[in-house]
Every structure is written in structure tokens, then in C-alpha cells.
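# Give me the fold of what follows.
(chains A and B)
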Amino acid sequence: MEPLRPSDHIDADALAAEQREAAIDARAAADGADGGDARGASAPIAQPSLGPVGWLRFAWRQLTSMRTALVLLLLLAVAAIPGSLVPQRSADPNGVSQYRVDNPELFDVLDALQVFDTYTSVWFSAIYLLLFVSLIGCIIPRTLHHARALRSAPPKTPARLNRLVGYRATDAPGDVETALEAARAELRRRRYRVERYGDSLSAERGYLRETGNLIFHMALVGVLATIGFAGGFGYNGQKVIVQGETFVNQLGSYDSFNPGRFFDDALLDPYGVRLDDFEAEYGLDTTTGQVQPLDFTASMTVVENGREAQRTLKVNDPLTVGGTNLYLLGNGFAPEITVRDGDGDIVFSEAVPFLPQDANLTSIGVIKVPDGLEEQLGMIGFFYPSAIQLESRALSSVYPEPDQPVLTFNAFTGDLGLNDGVPRNAYALDTDGLTQIAGREAPADPLVIGLGQTAELPDGLGSVEFSGLQRFVSVDVHHDPTQTGVLISALLVLGGLVVSLFVPRRRLWVVATATDDGVRLEYAGLARGDDPGLEAAVADLADAHSQRLAPTLET
Amino acid sequence: MENLVAYSLVAVYSAMGVYTIAFVLFTIDLATRSAASTDAARVAPAQVAPASSLTAEAAAGSARGGTSTIERTTTARASGTPVDAPIGATRFQKVAVALAALGWLLHLAAVLTRGIAAERVPWANMFEFGLTATALGMGTFLGALLWKDIRYLGAYITGFSLLALGIVTTNFYVDVVPTPPPLQSGWLVIHVLVATLATGFFAIGAGLSIMQLLRSRAAASKAEGLRFVQTLPGASALESLAYRVNVVGFVFWTFTLIAGAIWAERAWGRYWGWDTKEVWTFIIWTLFAGYIHARATRGWRGDRSAWLAIIGFSAVIFNYTVVNLFFKGLHSYSGL
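Predicted coordinates for the structure are as follows:
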């Protein structure tokens, strides 16, 4: 049987013609052999003159046609473009905010069109869902058809072989039976499925081509289905872990958290991860003088089910624990800062992560001391791992390692706004309504503190000590239940593709006719789909067949 | 090491010099074919077409070529003439192929010395990628010559490589620098190498598709136009050849996409995030999937599917140049 194809498939024409011919031949031969299943590939689309059912059928046929699938594919390619031109909320939320600031009017238009969420937008989803419906509508009947084809015999030998590919005729001694037996053996050896019709053999091979094609398409559906269903159970979150600190995988521990649609707290496996040590390796580009990161290694202790284990976390080498993967996203310094009140009592002591701003890890951090002092204290700090003083007296860092660590602070007093219940960004200080007591625009100079040093706050408010230096890492924690399914599907896509493109599906026929002094042999082939090697295959079969018959040859 | 980097550049410039001569000779060859084709057409039009289209016709995937073609092939094979067909190969062309091969050896030396100097694979920034991609493209072309006579693509391929090498050496050049941590992965070897191979195949496929369009246009109009086109294999033979090349490119591209996703999962924590480069890889994949379907759709085989292959390859070039340089994304490894 033929592989089933949509009516506008390039093979459909030829198939229909061939099947009509086969049917005529069959009638002429009157042996009742079925010329082939003509469903789906038979007549061209008939004009629907029926009621609603007819129209539905027509619509379905249109949707599952090659042309529609092709147009949808090309539409999908075009529809994906805007998402690469405009920042996407999923990948670059800050970019989207910036876009809004830069182009406020255009932003509203594009946002209404969901361009900032291109890949979850109504129009993008509509295209790929239609494409997949069309695909499923195409592969289900084809799969059923192929399942039958796998169990059926090759079709009847056509009446006129000389119209087919690679036709050749030779004369050989011997009789029809011997010749056909030899041909059958030769075809079998080439793994053809062989059927005898009268004094001819009909052989077919390459069923795997259609199998591969179907697997390829099914696996694509598999990718989409896995993401659609399993994706909802995933989650990911981000967390900054300071040296010595332990992160526990609980909802409250995350700095930010994105649950999937079907997420449930119970999905979180409560393991703990501690950052013991962090090492960075840098190189100096001799031509540009720029510092280049060479390697980052975080030494972690994983606590799971009461057992501790030492593990390392690197870029490109995530740490797998409790059904999640931890990725090393960033790193920086967390200076230990101790704030004392006027009497010398400690009111704040913490290692505060400072966010890196450049390649030499000049970093910015914020300290908030709401209690213990006469007034609430907020400080915006700069950290220079290897500080030097420029001619302008400003500080700068010349290397990303702590060779000469220096902290500077601008200090503010007033209401930090921590008591009114509004969530505040820990990495930002809203200075509106605060009074600057030390800094460029204040009576007192900014505080400049080397490691181990202490600086006094103005007006006897207290003191700030740079008491130690730790490192921190920012990690991305992912639980993605789609990974395995998508990987398997993707490999099936690749395998199916290779098989469906490179396994030739072909038919060969051998017809033997008794002559006065032996037998006349005719050979020909027919390709299903692209098959550049068909002619050679026919020639090869004919030659091998002659070889087999050779011992009886008289020259 | 510094020396090796310098040698590598010398080898690149030498290769470019040799390619230039090869390009000129390939072009002269096309021009001579034009002249020859008019002469031959005047004398015996029937003989020219079959002789030059022999191999390709034999390769024509669509088996519906008819018996007549096949018989011609058999006869010609028997007499052993295909290579020495009247307009099959001019002197210029033979020399051009030899020079292209010589240039390629120099080119290959440039790639290898660069890799040895950098102590890693030579495709970690745009300059190196361009250098290696053109080397693989030329290699694919020269390798394909052992399989099919597609020397008529010589001018296109050498011209393209020359242009690309000129651009990467003058605009994208960077010195050898250590690999940044995100690129320190075995996937750099596999993912990028296969992407480069795919690019090489798509380049040749696009060249064949361009020839196919020229050929079918010439056949349709019967007007003057580029006369060398008359000496090319028939449009359907070119199409089926282009298809076979593009299909290999498509398999490589599919692999690139999957390998990239696996690496992205290791490096960025997700296998797919619609990063600009991912988007364009997807667009290219979809375009070539469309191309393959177009070839199997009535009304789309022929010129339309050829256009899709050309658009697909243009998207590959766009992805390498514009997306790398001007689009914001995670694949920011141009080194510029």
C-alpha cells in the first residue's frame, strides 16, 4: 500500500493515476488482486455541495492539506521575528521596562498587541496550535494506514513495466520458475518484501521511511505536549547565598520565585545548601589591559536527609540536588558591616551582598538600620575590591580580587519606610524624605573605610566598622519536569528525520516470460519520495540476478 | 604562541589571494561557457543539454524523469564521456578548481594554527567562527566535487568565502583570548561545529537554488540573459541536487538546535528561553522545514521552494551577522 498523503501532496497525483491504472489492470486480469488502498489519496478535492457536515469535512480537509501546513509553518517563522526585535518579559523584564521609558507611545501599542510576550501571545499560540491540529489531523490517518500497509503485500505488478524507472530487459536461459526463484532470493537478500503475481515478482522495501516520518511528526507533538502538561509542575527561583550561610529550599527562602501553573508547596524538597568557599580566577588581556574571568568555583555543602556532602558548583556545571538543578548565575562580595550606637553597643552586624557593577567588581550595596539608633539609618555603599584613588580623588577598582578592599558610604537618616507594610527592595534605598548626613551633598564627607577599620558617623550617632569580607553567589534553582520528556522527544525528532530522509522507499518488479530458448526478464522500479539511487538499484538487481543465473548461461 | 597567531593570519591572507585568482578563473569559465553555449546551441542544440546534464539527471531524485533520459545516461556512461563533455570543463575551470583546493589547504592551515595558538577549538568568537565556517564551506564544496560535478558553483562559493573572509579579518578580528567560563564546555565543540557544517551545506544548497532559478527563468523566457545558464543542468536536476544538499543541512541544523538546547540547560538553567539567537535558530529551522514541505506540495515545487531555500540561507547569514552584532541576547560571544 502507498503511504497516505494529503490530497495536494506531490505524490498524490501520481498515486491516483497509478492506482486507477492498477485497478484497470486488476479488472483486466480478473484475478481480484487489490490495486491498493485509494482512500485519502484518490480523487482531487470535490466541490462541497453538501450541508454542514460536508462543509466541516471540507474545512478539515483544507486544514490538513499540505498547503495549509506549509503556510502555517511559514507564518510561524514570520510570527517569531517580533520577539527577537523587542525585549521579552520572560527573558528580559528590565529591557521591557526600559523600552517603556524610551518609547512610551509605541510601548502601549506593542503591549496591546502582546509583542512583549510574543511566544505566549494569542496570535503566536493560534498559529502553532492550528499547525499542530493540522499535523495531528494528518498523522493519525497516516499512522493507521501505515499500520495496515506494514501487514499487507506489495501491490500487483503493473502491466507496462517499460514506462517505469530503470526499465531493462534481458534474455536468459532456463525456465520461468528458476528465474523467479533466483530473483526472489536476490530480492530477499536485499531485504525486500516479495510477492508473486503470476509470472512476476513485486517487491517493496523502505517501510521505515514512513515510520521515521511519522515518528518525527509525533515526536514534535510530544515536545509540545510535554511542555504543555509537565511544564505546569515546574518552578524556578533565585537566591543570593553569602559565604557561611545556608539556603533551605522553602518558599520563604527565595529572593524571587516563579511557580508553574500546577505548583504546590509540597513539590519543594527541603534540602539545604551552604556556601563554604568561592574562588575566582582571572586573566589579564595583555593587549587591552582588560581583566577576563577564567574560572569560577563555588564549594558547597549539601544537606539532604540529615547527611552532609561536599559539592562544587561551576558555570556550565550545575549542581543537582533534590530534583532541582542549581546554576551559578553570578558572584560578588559581601562585606561584613557592624554598626554601633553612640554607647558602642552593636545594633547591626551582617554580611551584606553588594551587587557588582563592572568587570573589576566595583559593587553597590545598601544598609538599613531601622532600630537601635536615635534615628533610622540608611546607607548607600560602594565597595572597591582593589581600590586606587584617581586624580579626581574618586576611588576606582583596578582588579576584581580583594587586594585593597575599601568601602565608602553615603549615610541618610529619617523614616526608611519599613514600618508601613509596603514591601521594599533590599538592594535599593529610597532617599526621598531622608536627610543626608554624610556624603557629597552633606556637611560631613562620605565614610571611607578600609578592611578592619571603623568610621564615626556624624553627630555622635554611632560608628560603622568594616569588620570582615565574605563572598556570595547568586544561584538559580530550577525544577523542570519537562526536561526528560523533551529530550527524548527531541532525539526521536532527530532519529525520525534522518530515517525519513535517507531511507529510500522503493518498489522493484521482475517479470519473466518464457521464450523459445529460455526466458525473457524485465526489471523496473518505482520510487516513493526522493530516491536518487533507484536506477542504480534496478541495474544492480538485474546484474546480481544474471550472476545467479550465470552457471546455466551458454555463450 | 604569538608567532602562531601571526602565521595564521598570513595563511588567511594567502588563502584569500589564491581564492581571488580561483574566483576570477571560475568567472572567466562561466563567461567562456556563455560563448561556447551560443556556438554549440547554433550547431547542435540537442547534444549540449543531455551531455552537461548527465550526472545531475541521473541523480534527479524524482524518478519520473522518463525513460528517454535514462537511456541517454546509460549510453553516455558506457562511452565514458560525461567529464569531457563539450562544455563540461574548460581549462580555466580546471585550474580554478586546483587553485581553490590550494587556497583551501592554506585556509585549513590558518584554522589549525589559530586553534593551536588558542589551545582550544578555533570558533569561540565571530572572527574564528567566520574563518572556520568558510573553511568548512569550501571543504564541503571541494568534497562535493568528488561526488557530483558542481564546478559551476565555483564562482559563487569562492566569491562568497572571499567576501566573508575579507569582512571577518577586517571588521571582526580579535586576538586570541582565554575562553570565558560560559563557553568552557564540550558542547562548544559539538554545537558550533555542527552549526558550521550546516551553514556550509545551506550555502551550497542556496547556490544550487539560485542556479535553478536562473535556469528556469532562462527556460521560461528564452531571452538572452546570462548565457552560461544554458550550460547548467536542467532546473529540475538542479532542484533535486539542491534538495539533497539542503536536507543534509537541515539534519545538521536540527542537531545544532537540540545540542544548543542541551547546552543552554547546562549553562543557563533552561533548555529554551526564546533568546534572540534561539529565536533565529528556530526561524531558520522552520523555514527549511517549510522548504522540505514545499517541495512535496503541488504548486510549490520549483521556483517557490527554491526561494524558500534562498531565504533560509539568508536568515542563516542574518543570524550570524545582524543578530550577533545588533540584537541583545545571551549569545554575546562575538568578542567585539
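
# what number of residues lie near the closest residue to residue A:130 other than its chain neighbours?
With sequence-adjacent residues excluded and distances taken as Cβ to Cβ, 6 or more residues apart in numbering or on different chains, residue A:130 is closest to residue A:72, at 5.8 Å. Quick note: C-beta positions are derived from backbone N, CA and C, even for glycine. Per other Cβ atoms under 10 Å in any protein chain shown, the neighbour tally for residue A:72 reads 24.

# Please save the CA atoms from the helix or strand hosting residue A:72 in PDB.
Here residue A:72 sits within helix A:66-80, counting by DSSP states H and E. Below are the C-alpha coordinates for helix A:66-80, written out as PDB (Å, rounded to 0.1, in the frame of the first residue of the first chain):
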ATOM      1  CA  MET A  66       0.000  20.300   2.700                       C
ATOM      2  CA  ARG A  67      -0.600  23.800   1.500                       C
ATOM      3  CA  THR A  68      -2.200  24.900   4.800                       C
ATOM      4  CA  ALA A  69       0.500  23.200   6.800                       C
ATOM      5  CA  LEU A  70       3.100  24.900   4.700                       C
ATOM      6  CA  VAL A  71       1.500  28.400   5.100                       C
ATOM      7  CA  LEU A  72       1.200  27.900   8.800                       C
ATOM      8  CA  LEU A  73       4.900  26.900   9.000                       C
ATOM      9  CA  LEU A  74       6.000  30.000   7.200                       C
ATOM     10  CA  LEU A  75       3.600  32.100   9.300                       C
ATOM     11  CA  LEU A  76       5.200  30.700  12.400                       C
ATOM     12  CA  ALA A  77       8.600  31.700  11.200                       C
ATOM     13  CA  VAL A  78       7.400  35.200  10.500                       C
ATOM     14  CA  ALA A  79       5.500  35.500  13.700                       C
ATOM     15  CA  ALA A  80       8.600  34.600  15.700                       C
END
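
# Tell me the buried residues in that helix?
Along helix A:66-80, these residues count as buried under the neighbour rule (16 or more other Cβ atoms under 10 Å in any protein chain shown): A:66-77, A:79-80.

# quick one, strands of the stretch 401-550 of chain A?
Secondary structure of the stretch 401-550 of chain A (DSSP state E, counting those that start in this stretch): strands at A:406-413, A:435-438, A:447-450, A:454-456, A:462-479, A:505-515, A:518-528.

# Restrict the following helix or strand past the helix holding residue A:72 to CA atoms and write it as CSV.
Tracing the chain C-terminally past helix A:66-80 and defining elements by DSSP H and E, one meets helix A:82-85 next. Taking Å, rounded to 0.1, in the frame of the first residue of the first chain, the C-alpha atoms of helix A:82-85 are listed here in CSV:
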residue,chain,number,x,y,z
PRO,A,82,9.0,40.4,16.5
GLY,A,83,10.0,38.6,19.7
SER,A,84,13.7,39.0,18.6
LEU,A,85,13.3,42.7,17.8
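
# next one: helix A:82-85 to chain centre, how far?
Here helix A:82-85 is found 17 Å from its chain centre; the criterion is Cα atoms, centre = their mean, to the nearest Å.

# Is it positioned near chain B?
Yes: using Cβ under 8 Å from any Cβ of the partner chain, a contact is recorded between helix A:82-85 and chain B, made by A:83-85.

# Could you count how many residues lie near residue A:367?
Every residue meeting other Cβ under 10 Å relative to residue A:367 is counted, giving 20.

# Quick check, pLDDT for the residue nearest to it when sequence neighbours are not counted.
Excluding the flanking residues, the one nearest residue A:367 by Cβ to Cβ, 6+ apart is residue A:379, at 4.3 Å. Note on residue A:379: pLDDT of 93.

# that's a strand at residue A:379, yeah?
Yes: per DSSP: H, G, I helix; E, B strand; the rest coil, residue A:379 lies within a strand segment.

# Wait, it touches residue A:410, no?
Yes: counting by Cβ atoms under 8 Å, residue A:379 touches residue A:410, with 6.7 Å between them.

# In terms of packing, which of the two has more residues around it?
Legend: neighbour count by other Cβ under 10 Å for residue A:379 and residue A:410, higher for residue A:379 (28 against 21).

# Which residues are in contact with the more buried one?
A:366-367, A:369, A:409-412, A:429, A:447, A:464 (Cβ atoms under 8 Å, 6 or more residues apart in numbering or on different chains).

# Pick the one among those residues closest to residue A:474.
residue A:366 (16.1 Å; Cβ to Cβ).

# can you give me the helices in chain A?
Applying DSSP state H to chain A gives helices spanning A:10-29, A:52-63, A:66-80, A:82-85, A:93-102, A:104-112, A:122-151, A:176-189, A:207-230, A:483-502, A:534-549.

# would you turn those helices into CSV with mean pLDDT and distance to residue A:162?
Converted to CSV, those look like this (pLDDT from 0 to 100; distance: least, Cβ to Cβ, whole Å):
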stretch, mean pLDDT, distance to residue A:162
helix A:10-29, 55, 14
helix A:52-63, 85, 36
helix A:66-80, 93, 31
helix A:82-85, 91, 55
helix A:93-102, 87, 67
helix A:104-112, 92, 64
helix A:122-151, 93, 27
helix A:176-189, 92, 18
helix A:207-230, 93, 26
helix A:483-502, 94, 29
helix A:534-549, 90, 12
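
# how about the ones you listed in TSV, adding distance to residue A:268?
Putting these into TSV (distance: least, Cβ to Cβ, whole Å) gives the following:
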stretch	distance to residue A:268
helix A:10-29	53
helix A:52-63	43
helix A:66-80	34
helix A:82-85	31
helix A:93-102	24
helix A:104-112	33
helix A:122-151	30
helix A:176-189	60
helix A:207-230	17
helix A:483-502	18
helix A:534-549	59
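
# Which of those helices sits closest to residue B:311?
Proximity to residue B:311, assessed across the helices of chain A by Cβ to Cβ, is greatest for helix A:66-80 (9.2 Å).
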